[in-house]
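> okay, here's the prediction I keep looking at, along with the sequence it came from:
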Amino acid sequence: MKFKILTLFPEMIEGVLNSSILGRAVKNDRIAYETINIRDFSQDKHGSVDDYPYGGGAGMLMQPQPVFDAWKHATGNDRQVRTIYLTPQGETFNQSMAEEFAREKELVFLCGHYEGIDERVLEECVTDYVSIGDYVLTGGELPTLVMIDAIARLVDGVLHNDESAQTETFDNGLLEYPQYTRPAEWMGKEVPEVLLSGDHKKIEEWRLGMSLERTKVNRPDLYVNYLACNSEEGKERRRKNRRKREYRRNNS
Ligand code: 6GU
């Protein structure tokens, strides 16, 4: 999987993608990335890339030309490549979107700054508008890194066996159960006995029970959804929605 990031602050991206598990995945050629500095495509002698908004209002906007030229450089003007624009106006990112994006060979991320980007260039380049939640950030770099982290860990070979992407929170639509390691007693608190029993069936039941309870208390929205999806009706509805999404994608 190759990530191309159009940004005014490549050092923000590089710092994160060269570290920890993602850094290892880059070294091992499981993922690759390239930052493209939008400022390099400025035609202005001062290298400026922003200007005042028509109609007035606060702040500056990124101009269309440098963004478009950076995007053409990244994609070779190929409109088939998914180009993701990070914006609070987008669809909220979630695990199933991460799974869908992880099936692509290449993804382009466009990071905005200032008050945003001229609408016309977005219309030309962007295939997906994505937000990471209901709060305001100063730019698209952190949301891009959040998305890349969530997507990359689903790519083959990025996680090692002991870091398995399988049985974690949201995999089954539930929050994760509590976990314990040695010592068996710490500050007078004992590890739940069932976990020391060696009875794997009981352990699975206990974990599912804890997951359900936590989800019901902390994320009633997920809990209701879990109950709906795990009925036969829910499973059929999801199959239909998946087919609809695929149809829309193939015909857009
Ligand atoms: Cl994707 N961008 C910005 N600037 N702020 C955000 C966001 C994205 N998602 C939540 N807040």
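All right, it came through fine.
> show the model's pLDDT score for Arg182.
With respect to pLDDT, Arg182 has a value of 97.
> how close does it sit to Leu195?
Here the criterion is C-beta to C-beta, to the nearest Å. By it, Arg182 lies 12 Å from Leu195. Yep, even glycine has a C-beta here, placed from its N, CA and C like the rest.
> between the two, which one's more packed in?
The neighbour comparison of Arg182 against Leu195 (other C-beta atoms under 10 Å) goes to Leu195, with 17 against 7.
> might one say that the more buried one is in contact with Tyr180?
Yes. If you go by C-beta atoms under 8 Å, Leu195 and Tyr180 touch, sitting 6.3 Å apart.
> tell me where the stretch 51-200 of the chain has strands.
With strands called from DSSP state E, counting those that start in this stretch, the stretch 51-200 of the chain shows them at 61-62, 82-92, 106-110, 128-131, 185-186, 189-190.
> so how far is the longest one off the chain centroid?
Think strand 82-92. 10 Å (C-alpha atoms, centre = their mean, to the nearest Å).
> residues in contact with that strand?
Contact with strand 82-92 is made by 71, 75, 97, 101, 104, 106-112, 116-117, 122, 125-137, 140, 143-144, 147, as judged by C-beta atoms under 8 Å, 6 or more residues apart in numbering.
> so which of these are in helices?
Trp71, Thr75, Met97, Phe101, Leu122, Cys125, Pro143, Thr144, Met147 (DSSP state H).
> of these, closest to the ligand?
Among the ones in helices among the contacts of strand 82-92, Pro143 lies closest to the ligand (C-beta to the nearest ligand atom), at 3.5 Å.
> the closest one is in contact with Tyr129, isn't it?
No. The criterion here is C-beta under 8 Å, and Pro143 misses it with Tyr129 at 11.4 Å.
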